Structures are given as structure tokens and as C-alpha cells.
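**Student:** What follows is a predicted protein model with its sequence.
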Amino acid sequence: MAKRGGFPGGMPGNMNNLMKQAQRMQRQMEEAQKELEEQEITAAAGGGAVEVTVSGKREITKVKLSEEVVDPDDIEMLEDLIMAATNEALRQLEELSASSMSKITGGIGGGLGGMPF
């Protein structure tokens, strides 16, 4: 006579533990995400002539320009410096986010096929 429900070999207990671990990991990830959103990252370009600050929500919160970088005859250079500083700040934020999540998942997040934890 076949067993009804569950998994062969006593898996239900292991499955319950796995679900509890997944729920705990999801709570930890939500807390880490909240903490990350409160962070600010500042990056510079042009030897500090341009600084851009982004929030953990990936919003630019501050742009600081040195007077010497503001040249009406070379707007393109200023645009490039702002873009470079912004991209660097976003890259640093992404590294911080990945590091924070890796601490929680133990580095297994990439191979879970889109699981929400």
C-alpha cells in the first residue's frame, strides 16, 4: 500500500526545516535591504572635481562640482565627469548590496533559479 502525501524517506521534517530556514533568510534579506536603502555612497571623478552621492534606493541625492571644472567652453567634459562619478557610485552600491546579500545567503543566491530568498 502506497503512502499518501509527503515525500518518501521522511522528507517532510527536512522540508519543514528548509521552509523555516527560507523564511528566516527572507526576513534577513528584507532587513538588509531596508538597511541598504538608508546608506549613501559618494564617488568622485576628475581627481575629486566632481562628486556624486547616491542613496541605497539608487537615487542621486547630491552633486558637488569644483569651480575649476565648470568651463562653459567644455560642457562635454563636465557631462562625462558627472556620468563617470554617477556610474562609479552606482557600481559601489551594487557591490555593497551583493556583499550584504551574500552574507545572508552564504553565496548560494545565484543558483536558486529565481527563488525569492
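**Tutor:** Cool, the structure landed. Residues are numbered from 1 along each chain as shown.
**Student:** would you say Lys62 is within a strand?
**Tutor:** Yes: counting by DSSP: H, G, I helix; E, B strand; the rest coil, Lys62 falls inside a strand.
**Student:** And Lys62, how far from Leu81?
**Tutor:** Lys62 sits at a distance of 15 Å from Leu81 (criterion: C-beta to C-beta, to the nearest Å). (Glycine included, C-beta is placed from N, CA and C.)
**Student:** Would you mind telling me which of these two has more residues around it?
**Tutor:** Set Lys62 next to Leu81 and count neighbours by other C-beta atoms under 10 Å: Leu81 wins out with 21 against 11.
**Student:** So for that one, what's the pLDDT?
**Tutor:** Confidence at Leu81, expressed as pLDDT, is 96.
**Student:** dump the residue contacts of it.
**Tutor:** Leu81 is in contact with Ala45, Gly46, Ala49, Val50, Val69, counting by C-beta atoms under 8 Å, 6 or more residues apart in numbering.
**Student:** Among these, which one lies nearest to Arg91?
**Tutor:** Comparing the contacts of Leu81 against Arg91 with C-beta to C-beta places Ala45 closest, at 12.2 Å.
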